[in-house]
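In: How does the following fold in three dimensions:
(chains A and B)
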Amino acid sequence: MSKVITRFAPSPTGKLHIGSYRTAIFSYLYAKHMGGQFVLRIEDTDRERSKKEYEDNILESLEWLGLSHDTFVRQSENVGRHKEVLEKMIADGHAYISKEEAKDGSGVIKEIIRFKNPNIDVAFDDLIRGHVSMNTTDLGDFVLAKNINEPLFHLAVVVDDFDAGITHVIRGEDHTSNTPRQILIQRAIGAPTPVYAHLPLVLGEDKQKLSKRKGALPVTDYRDMGYLPEAILNASAMIGWNPGTPQELFTKDELTVAFDLAKVQKGGAVLGVEKLLWYNREHMKKLSDKVFAEKAKEWFPEDLSMRENFGEIFPRLIPMLRDRLATFGELKSMHDDGELVYLFDAPSINPEQLCFKTQSRSDAKVNLENILLTLGAVPEDAFTKSNTEETIVALIGDASRGPFLHPLRYALSGRDRSPDPFTLLSILGKTTSTARIQAVIALL
RNA sequence: GGCCCUAUCGUCUAACGGUUAGGACACAUCCUUCUCAAGGAUGGAAUCAGAGUUCGAUUCUCUGUAGGGUCACCA
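Out: Numbers count the residues shown, from 1 in each chain, chains lettered A, B, ... in the order given. Next up, the predicted model:
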């Protein structure tokens, strides 16, 4: 069997959103699974709507996701070839020039090129949908080109796929009804019919076809929100496809091995945000501490990362961040909610909130003094979560913990909700922690 | 409207014609606990409807219903 060649052929008329890049993912995965090649073709024959910035966005998006192409081509580069084919089709009687009034109402008469429809039944075997058959009569003599130099979609697609030796056309279901037309053209120009696989559509939350204005986010937005590309890739691949095993978490390489067009779903599906967050959290867990720290640093709110104590605090923050972050972008919302500043600046304290439930101030004060005392025995360079926890737990003994731990946590963070006091101690370090506890004791 | 396609928990999905219809996300409860987060345990939650074939239909057939796609001098 000859080598598999698939292609992804977006038109640069908008940023790449899930509806499109999921198709790209499947095309890529199938090609790589089969040991074949993946062609990227920018379909820019519509000159008015095609924009360079969108082409850039598409390229950027695919690169971010790690979907590298083996061949790159712009459809507009092939117009010479399209013209040649068009001329031959006219000469062979498969197409004809039709003088028609322009649709813009200007009354201008234009020479457009129409396909001579043989009006027959066309059938093809779709890898996902099975046998599909349609009568092409009601398609009429559809238009192949605006003029000899301006080919339209169907003609360009067929010629480009033919020339690139595309063996498998994997595209969205919205192209199913275009297929008979394109097969007709293939037959007219003596091109082989590739294997088709029409993917179910990715739907919006409202179950409608996704579009830019219906909340379909460009991949680059997910990137900018601090999602991991491997999470987006994994999550996208799992919609409309399943590996046939309970495995849900996949790396790109694992997907390549497992991917199988036969397990692709027929019905459209919705990509839920919650599940996306879960995928992202899971992929973040797989990051090494080193990589995690690098990324966290990159995303850390700038006004905090510029602090002189940042270099000291930041590394000690990592374990806590690993627990709490679902995306790196959440660093910003954490900061907005005040969940980060108190690690850098001493918080303002409200003595009322400091006391645990009905605890009296004097009781809280005594407990804090005792904590301060025991903590004094822990060396500065051994001020870890486990060490401080051990000493404080020993101090508390069998007594209830709340009257000790709540005032301590509040003294360190100035917040009702925060990480546990031992984590806080380990992040702030001995000097800062001690100073904050003393300051609070002075208030009581 | 014509043509084409689809239909399992709220969502993503699994189930040679025989299962208490399974898993994941989300949700709820409980545990852990000074709070929040994380973690652990448990739970509620689905075969669109109606016929037919069959000893037996989620699964096969038909009809209906619902949803989607497409009917450009866009792709």
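In: Could you tell me how far the residue nearest the centre of chain A is located from residue A:88?
Out: Nearest residue to the geometric centre of chain A (C-alpha atoms, centre = their mean): residue A:232, 3.4 Å. For residue A:232, the distance to residue A:88 equals 44 Å [C-beta to C-beta, to the nearest Å]. For glycine as for every other residue, the C-beta is placed from the backbone atoms N, C-alpha and C.
In: Check residue A:114 too.
Out: To residue A:88, residue A:114 is 15 Å away according to C-beta to C-beta.
In: The stretch 201-350 of chain A against RNA strand B: which residues are in contact?
Out: By the rule C-beta under 7 Å from any atom of the strand, the part of the stretch 201-350 of chain A lying against RNA strand B is A:201, A:203, A:207-209, A:238-242, A:244, A:246, A:248, A:263, A:265-272, A:274-275, A:277-278, A:281, A:323-324.
In: Find the closest residue to RNA strand B in the stretch 1-150 of chain A.
Out: residue A:43 (2.8 Å; C-beta to the nearest atom of the strand).
In: Surely that residue and residue A:153 touch.
Out: Yes: applying C-beta atoms under 8 Å as the test, residue A:43 and residue A:153 come out as touching, 7.5 Å apart.
In: circling back: are any of the residues of the stretch 201-350 of chain A next to RNA strand B buried, and which?
Out: A:201, A:203, A:209, A:238-242, A:268-269, A:271, A:277-278 (16 or more other C-beta atoms under 10 Å).
In: Including pLDDT, distance to residue A:36 and secondary structure, could these go into CSV?
Out: Below are these laid out as CSV (pLDDT from 0 to 100; distance: C-beta to C-beta, whole Å; DSSP: H, G, I helix; E, B strand; the rest coil):
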residue, pLDDT, distance to residue A:36, secondary structure
A:201, 90, 25, coil
A:203, 84, 29, strand
A:209, 71, 29, strand
A:238, 94, 22, coil
A:239, 92, 23, coil
A:240, 93, 21, coil
A:241, 95, 18, strand
A:242, 94, 22, coil
A:268, 89, 27, coil
A:269, 89, 26, strand
A:271, 83, 27, coil
A:277, 95, 34, helix
A:278, 96, 32, helix
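In: wait, what's in contact with residue A:133?
Out: By C-beta atoms under 8 Å, 6 or more residues apart in numbering, residue A:133 lies in contact with A:121-123.
In: go with 6 Å
Out: Contact analysis of residue A:133 by C-beta atoms under 6 Å, 6 or more residues apart in numbering lists residue A:123.
In: so it bridges to which residues?
Out: Note on residue A:133: beta-bridge partners by DSSP bridges are residue A:123.
In: returning to what we had before: taking the buried ones among the residues of the stretch 201-350 of chain A next to RNA strand B, tell me the two that lie furthest apart.
Out: Within those, A:209 and A:278 form the most distant pair, 25.2 Å apart (C-beta to C-beta).
In: my hunch is that residue A:196 is in a helix, does that hold up?
Out: No: applying DSSP: H, G, I helix; E, B strand; the rest coil, one finds residue A:196 to be strand, outside a helix.
In: That one pairs with what?
Out: Beta-bridge partners, per DSSP bridges, of residue A:196: residue A:126, residue A:169.
In: pLDDT value on it, please?
Out: Note for residue A:196: predicted pLDDT of 96.
In: thinking residue A:180 is in contact with residue A:134, fair?
Out: Yes: Residue A:180 is within contact range of residue A:134, at 4.7 Å (criterion: C-beta atoms under 6 Å).
In: what do the two both touch?
Out: Common neighbours of residue A:180 and residue A:134 are listed as residue A:122 (criterion: C-beta under 6 Å, 6+ apart).
In: helix or strand for the nearest residue to residue A:72 once chain neighbours are set aside, which one?
Out: Excluding the flanking residues, the one nearest residue A:72 by C-beta to C-beta, 6 or more residues apart in numbering is residue A:40, at 5.1 Å. In the assignment (DSSP states H and E), residue A:40 maps to strand A:37-42.
In: what about the helices in the stretch 201-350 of chain A?
Out: Taking DSSP state H, counting those that start in this stretch, the helices of the stretch 201-350 of chain A run over residues A:219-224, A:229-237, A:252-258, A:273-285, A:289-299, A:302-305, A:310-324, A:330-336.
In: Deepest in the core, which of those helices is it.
Out: Mean neighbour count (mean count of other C-beta atoms under 10 Å) peaks for helix A:229-237 among those, with a mean of 23.
In: tell me how far the ends of stretch A:116-125 are from each other?
Out: End-to-end distance of stretch A:116-125 (C-alpha to C-alpha, to the nearest Å): 24 Å.
In: tell me how far that stretch is from the chain's mean position?
Out: Between the centre of stretch A:116-125 and the centre of its chain there are 39 Å (C-alpha atoms, centre = their mean, to the nearest Å).
In: can you give me the mean pLDDT across that stretch?
Out: For stretch A:116-125, the per-residue pLDDT averages 92.
In: ok, and what's touching that stretch?
Out: Residues from elsewhere that reach stretch A:116-125 (C-beta under 6 Å, 6+ apart): A:94, A:96, A:131-137, A:141, A:180, A:183, A:196.
In: Nearest to residue A:36 among the residues you listed?
Out: Nearest member of the contacts of stretch A:116-125 to residue A:36, counting by C-beta to C-beta, is residue A:196, at 15.9 Å.
In: Kindly tell me how buried that closest one is, as a neighbour count.
Out: The local packing of residue A:196 (other C-beta atoms under 10 Å) involves 21 other residues.
In: quick one: it from RNA strand B, how far?
Out: 12 Å (C-beta to the nearest atom of the strand, to the nearest Å).
In: got a list of what that residue touches?
Out: Applying C-beta under 6 Å, 6+ apart, one finds that residue A:196 lies in contact with A:124, A:126, A:169, A:179.
In: Assumed residue A:161 was part of a strand.
Out: No: assigned with three-state DSSP, residue A:161 falls outside any strand and is helix.
In: What number of residues are in the vicinity of it?
Out: The number of residues packed near residue A:161 is 24, by other C-beta under 10 Å.
In: Check residue A:383 too.
Out: Neighbour count of residue A:383, defined by other C-beta under 10 Å: 21.
In: now it: how far from residue A:23?
Out: Distance from residue A:383 to residue A:23, counting by C-beta to C-beta: 53 Å.
In: about what we covered before: ok, the closest residue to the residue nearest to the centre of chain A other than its chain neighbours to RNA strand B distance?
Out: Nearest non-adjacent residue to residue A:232, counting by C-beta to C-beta, 6+ apart: residue A:222, 5.3 Å away. According to C-beta to the nearest atom of the strand, residue A:222 stands 16 Å off from RNA strand B.
In: same question, residue A:401
Out: Here residue A:401 is placed at a distance of 3 Å from RNA strand B (C-beta to the nearest atom of the strand).
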